[in-house]
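Peer 1: give me a model of this one.
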Amino acid sequence: MIAPMLSKSTEILPGSKDYIFEIKLDGQRTIAEITKKQLLLYTRNFQNVTDKYPELEVLKSCIRKKSVILDGEIVALQKGLPSFELLQQRMNLRDMRAVRRAVEDVPVVYYVFDILDSDGKSLLKIPLQQRKKLLQNAINPCDAVKVLPFFESRDFVLQQANAFGYEGVVAKKSNSFYYPGQRTELWQKLKFQLTDSFVIGGWVEGGRSYNFGSILIGKYDGPNVVHCGRAGTGFDEAKIKMLMAKFQKLASSKNPFIHVPSTRERFHWLKPKLVAEVKFKEWTKAHIVRAPVFLTLRQDIAPRQCKL
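Peer 2: As a prediction, this is how the structure comes out:
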């Protein structure tokens, strides 16, 4: 298995020289290992999700090579745009009968943007621009499998992504090699709306159902979990019920954070096993997020990957 190469967040994308640009998709990052007879799909934390997306079996007939390893994003489209919330309806399914029903209700598309191996030959040390050409020659696109386009004009991509409501833009150095599992400035991402993944280390009592008020979120800094604030909005009754069921199994007497501001409110500590996707306005100098809003749980991201 190959860990996907990751991008670093930036507030200003590099200029067009020596870079190519892609739309940032809001989906599930997935590596696909494919032969004519076998398919393996796995996430960035090596979770096998092949059975969750039976419509992607078509990948076996889409390749022009004997075998390939591809990097891409599984997305669910809502009004033509990727919707992670919609994709969650597929990601959380375990019963195969429910999966088969969901294929009709929430179909997915695999957008491929890189090729890492072709007929058993590693392409990791091949420059990105050349890998893009090899990718075009290796895939026959279809309804469920698309090759993500790339552009050479930063300003054009930014304008289009903003106008149509995409999540952001990714800039990639044209001559960059592929570094599995590494987060490097060779790839940089600009999000129009700040979102990030945090571990949930506890919850605070409040006036809603189940006596729920907000969640306490943090990130790992080495072996320690640093408190990054609390999210008290973005919850409906269904989300609260789902979270509280999970919280019961993760209740702990130990505070997982190295420091939490003391208040008179009642905290309930949790083992930091859950990952929350949260949108917010900005980071403070004290590593606290301003105006955080809970979006969803991320089962495709391991808690230890949420680093400060």
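Peer 1: what residues are up against residue 83?
Peer 2: Neighbouring residues of residue 83 by CB atoms under 8 Å, 6 or more residues apart in numbering: 26, 75, 76, 77. All C-beta spots, glycine's among them, are computed from the backbone N, C-alpha and C.
Peer 1: cool, and residue 110?
Peer 2: Per CB under 8 Å, 6+ apart, neighbours of residue 110: 30, 32, 53, 56, 59, 72, 73, 74, 144, 145, 146.
Peer 1: and which of the residues you listed is nearest residue 252?
Peer 2: residue 30 (32.0 Å; CB to CB).
Peer 1: OK, contacts around residue 14?
Peer 2: Counted by CB under 8 Å, 6+ apart, residue 14 has contacts 154, 171, 188.
Peer 1: swap in 10 Å and give it another go.
Peer 2: Contacts of residue 14 were listed using CB atoms under 10 Å, 6 or more residues apart in numbering, and they are 21, 154, 171, 172, 173, 185, 188.
Peer 1: so of those, which ones are in helices?
Peer 2: residue 154 (DSSP state H).
Peer 1: among the contacts of residue 14, name the buried ones.
Peer 2: 21, 154, 171, 172, 173, 188 (16 or more other CB atoms under 10 Å).
Peer 1: need these in JSON lines with pLDDT and distance to residue 83, can you?
Peer 2: Below are the buried ones among the contacts of residue 14 laid out as JSON lines (pLDDT from 0 to 100; distance: CB to CB, whole Å):
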{"residue": "21", "pLDDT": "96", "distance to residue 83": "22"}
{"residue": "154", "pLDDT": "91", "distance to residue 83": "26"}
{"residue": "171", "pLDDT": "96", "distance to residue 83": "24"}
{"residue": "172", "pLDDT": "97", "distance to residue 83": "24"}
{"residue": "173", "pLDDT": "96", "distance to residue 83": "30"}
{"residue": "188", "pLDDT": "95", "distance to residue 83": "24"}
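Peer 1: hang on, residue 190 packs against residue 158?
Peer 2: Yes. Counting by CB atoms under 10 Å, residue 158 is a contact partner of residue 190 at 7.8 Å.
Peer 1: neighbour-wise, which of the two wins?
Peer 2: Neighbour tally, residue 190 and residue 158, criterion other CB atoms under 10 Å: the higher count belongs to residue 190, 21 against 17.
Peer 1: surely the more buried one is within a strand?
Peer 2: Yes. Counting by DSSP: H, G, I helix; E, B strand; the rest coil, one finds residue 190 located in a strand.
Peer 1: got the contact list for it?
Peer 2: 7, 9-13, 21, 24, 154, 157-158, 161, 167-171.
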